[in-house]
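Chemist: Quick one, what's the 3D model for this:
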Amino acid sequence: MKLILPLVTLLCSINAEGNSLRNRKLLGKGTLDYFECILIERTTDFDDDDDEFDHICLGDPEEDGDYDMMYSIIDYNDVIPDLDIDGLDIMENPGRYKLILTNVIENTEPIITTTPETKVDIIDLEDEFDEKDELSEGRRLVGGPKLNGRSSLAVIRLTVNGNQPAPSADELAFAWFGVGGNPQSFVTRYEECSFKKLMFEPASGNGFRNGVIEISVNKAINGQSTEEMIYAGIGVLKRQLGFHPDTKYDHMAYILPPGSDMGRGPGKWVAFAYQGSNLSAFNDKQGLYLTHQVHEIGHNLGLTHSSEGTKTYGDRSGYMGSGFKMISGPQTCFNGAKLWALRWYSDKSVEVNVGALRSRSVYLAFFGQYDRVSKGSNSEGVLIKIGKNILKFNKKTGINSETQEFGDTVTVTNYPNAVYPSVHEAALSPGGKFSFDADSRRVTVEYCKETQQNGVSKAMMSIYAQGSSSTCNNFDSGLDGGSRPVAAPIPAPTRQPVPPPTRQPVPPPTRQPVPPPTRQPVPPPTNQPVPAPADSPTPRGIGFGCEGGEMKVDLRIFTNNSPDKITWKLKVRRGEILERIDGYENSNYEYFHSYCVDVSKTLEFHLNDLSGMENPGGRYTLSVDDEVYSEGDIVPDEVDYVQGPCVIAGQSRMQFILNTGLAADKIDWSLDVNGNNKYNGGPWSRFPGRNLHFFSNTCLDSNQCYTLIMRSSREGSGGLDRGSYEINWDDKNEKFSTFESGDEEVTHFGKCDGSFDQQPQNCNCSDNPIGW
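Modeler: Predicted structure coming up:
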């Protein structure tokens, strides 16, 4: 056993305000002679595209050897110096160090407070335990994450005092493990991206079904603390399973009920994960979405965020950037820096010796064809590392067909280390160059052109140091690390500008669109093209600016395998058609359309797929002033009503999202204000058996009380036939329901007097969701 004394810093900023190792546990008052816990890194993602890093401490309050309670340690007495990252490096070594404190105070809240007499020691557990024994028999705290082989995953649906998560166990099994036919589940993405080097398997044991277990906690939770909920849930799991889940499962994903708090108010967080460890947690419905799942487990695997410019989540070419609220997509992987860190492709990657570099040629193969690339080649690889920059051919096809940014380019990503986010540096098209400093030398990479060899797509890359020249015009001469001398030094090229990305805001709460404010259904578009009016605005390129009093509307369409069957119309309500498209040419391709529209107008977006398939694939995103207002999978029938920013004082935004299920002809809805009807829709008698999607985003008077009534005339049990609806008011979720039975459901929201008896949220879901 080795004591590390004196202390280097304690990893987080512990200061006079009490910012600290942030953990939770309900303790009795009194002084403790001795307290110990194990240091872990936690990354929390919030709903405003912000993140937060905590260096937390896992304690053992029951003294049973299970370090599973998260504690806050407040150091008003300044006895704990900062643990410098270069000293103990908790992020790269989660669970390696044990913190021992003497003479501390335990509070009535989940907090430990130091005193002037507190002494601090740190123990390196690698010297205390035999690593192999610890990993095979004990809890997985030492040794780091498994990046290869088979990993067990337990998804825990946690109900607290009767408050349960909206997703059912079946829906979670569909999203995480593909049970029921989900083609793009969590396990599928890791299997495909790793080429089966990392395979996640559903957990089994007493109470598990398809990798999901449902447990209930019935105890007071202090401030709806997520940490206390999880700690209580672990206790229930230990009793039910007969063992600590850490001893058997490589990863545990907790799905928490709505209203839980991570310190910024109930429901404001998206998810969090222990960095390089085994636990992640998701806020209610966030646990359904593929990007969130892959992202948080990515943190468990040791990955940090993918940034661009000043945006922590700015690099959307892979899963460690900003996410989307979609269950079956997008189909992509990770950026170059993350793929290098995961080491799945290490046998088919090239690392350039910058010190010996003059000029050389390298074939950069598309990583999605890794299995067809030769091993150990010095002239060909799926990743190229030069100094701290990683090159990846981000071809938009196959397992990467739905990458959200920099498609069909060679990306350059800076990978400083495993502690800080990677940084997107450049996206090169053929002929593009990028220069940077590496190991005190100026290096230029040039994308000569794309080629095909034995069916593998490759970017021909020339890499040369200052004073040497490009090999693009004589590519073969530079292969195998060769160099080409020049008579005189040539100044390094200047860096080519990369267009700034559009702001990626937080997607709307769900993908299921909503009923229009009319009773009549929207007839499906015909197959005949309809020309736009002569005064229709001309589409502009992504990134332009609009005039004062106008809002910028961006539409992105990701086509499926039948692009000619995709039709849509975007128009001003009761006004001009902005554009109408009757089919596209390219499959699995991203199309962009942008417009400037009077900010006071309401838009109608009608999207149809005429292939006859219920789930044809592809997706769309509709944004206003760079904020995503609606997005989701392309479905047979979709209608969105979008009003721009609420510019009038005293207005709040109402979102109504409806997935009709298979009984659109038997349901209708109305929105009343103070007893007077304002909007209504349905029944859609012309569409029996059709699953319609509607989305409405409307500005309403903040000072009124609103009543939304969903009605069903379906014979038998009533309700929706495998549908759902959602109401959001002023950025707060008011209702999510699958309305499985009954004649009607009533929801009151806005400025109401509190005399209404709100119906409970209805989500006893038994079937796989349609269109999610």
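Chemist: what about the stretch 651-772 of the chain, any weak spots by pLDDT?
Modeler: Counting by pLDDT under 70, the stretch 651-772 of the chain has low-confidence residues at 754-772.
Chemist: What's the first helix or strand after the lowest-mean-pLDDT helix or strand in the chain?
Modeler: The weakest-scoring helix or strand in the chain, judged by mean pLDDT, DSSP states H and E, is helix 131-137 (a mean of 33). The C-terminal neighbour of helix 131-137 among helices and strands, as given by DSSP states H and E, is strand 149-160.
Chemist: Please compute how far that next one lies from its chain's middle.
Modeler: Distance, stretch centre to chain centre, for strand 149-160: 18 Å (Cα atoms, centre = their mean, to the nearest Å).
Chemist: for the helix or strand following it, what is the average pLDDT?
Modeler: The element immediately downstream of strand 149-160 (helix or strand, assigned by DSSP H and E) is helix 169-177. Summarised as a single mean, pLDDT over helix 169-177 is 96.
Chemist: residues making contact with the next helix or strand after helix 169-177?
Modeler: The helix or strand immediately downstream of helix 169-177 is helix 186-193, counting by DSSP H and E. Contact partners of helix 186-193, identified using Cβ atoms under 8 Å, 6 or more residues apart in numbering, comprise 153, 175-178, 182, 198-201, 290, 293-294, 297, 319, 331, 333-334, 344, 399. No exception for glycine: its C-beta is placed from N, CA and C like everyone else's.
Chemist: What count of nearby residues applies to residue 705?
Modeler: Residues within reach of residue 705, counting by other Cβ atoms under 10 Å, total 17.
Chemist: change the start of the numbering to 59 and stick with it
Modeler: With the count now opening at 59, the last piece we talked about shows up as residue 763.
Chemist: In contact with it, which residues?
Modeler: 731, 732, 806, 807, 808, 809, 810, 811.
Chemist: what's the helix or strand for the third one?
Modeler: For residue 806, the enclosing helix or strand under DSSP H and E is strand 802-808.
Chemist: For that strand, which outside residues touch it?
Modeler: If you take Cβ under 8 Å, 6+ apart as the criterion, strand 802-808 is touched by 710, 712, 758, 760-770, 785, 787, 792-793, 795, 797, 814, 816-817, 820.
Chemist: cool, stretch 254-273 as well?
Modeler: Applying Cβ under 8 Å, 6+ apart, the contact partners of stretch 254-273 are 204-217, 227-228, 230-231, 234-235, 237, 244-245, 248-249, 291, 294-295, 298-300, 306-307, 309, 400, 402.
Chemist: can you do 7 Å?
Modeler: Here stretch 254-273 makes contact (Cβ atoms under 7 Å, 6 or more residues apart in numbering) with 205-206, 208-216, 227, 230-231, 234-235, 237, 244-245, 248-249, 291, 294-295, 298-299, 307, 402.
Chemist: again with stretch 450-467
Modeler: Applying Cβ under 7 Å, 6+ apart, the contact partners of stretch 450-467 are 250-251, 373-375, 387-391, 393-394, 397, 422-426, 441, 468-469, 485-487, 515, 517, 559, 616, 646, 648.
Chemist: before we move on, the earlier item: just the buried members of the contacts of strand 802-808?
Modeler: Listed as buried from the contacts of strand 802-808 are 710, 712, 758, 760, 763-766, 768-770, 785, 787, 792-793, 795, 797, 820; burial here means 16 or more other Cβ atoms under 10 Å.
Chemist: Find the nearest non-adjacent residue to residue 345, please.
Modeler: Spatially, and ignoring its direct neighbours in sequence, residue 345 is nearest to residue 313 (4.1 Å; Cβ to Cβ, 6 or more residues apart in numbering).
Chemist: Whichever of the contacts of helix 244-251 end up buried, select them in PyMOL.
Modeler: Of the contacts of helix 244-251, the buried ones go into a single PyMOL selection, burial set by 16+ other Cβ under 10 Å:
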select buried, resi 211+233+234+235+236+240+256+258+348+351+352+355+377+389+391+392+402+457
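Chemist: Inside strands: which ones of the contacts of helix 244-251?
Modeler: Judged by DSSP state E, strands contain the following of the contacts of helix 244-251: 211, 256, 257, 258, 259.
Chemist: Which residues are in contact with the closest residue to residue 643 other than its chain neighbours?
Modeler: Excluding its sequence neighbours, the residue lying closest to residue 643 (Cβ to Cβ, 6+ apart) is residue 621, at 6.5 Å. When contacts are counted by Cβ under 7 Å, 6+ apart, residue 621 touches 641, 642, 643, 644, 645.
Chemist: could you dump the residues you listed to TSV with distance to residue 333 and neighbour count?
Modeler: Output for the contacts of residue 621, formatted as TSV (distance: Cβ to Cβ, whole Å; neighbours: other Cβ atoms under 10 Å):
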residue	distance to residue 333	neighbour count
641	46	15
642	41	19
643	44	9
644	40	9
645	38	15
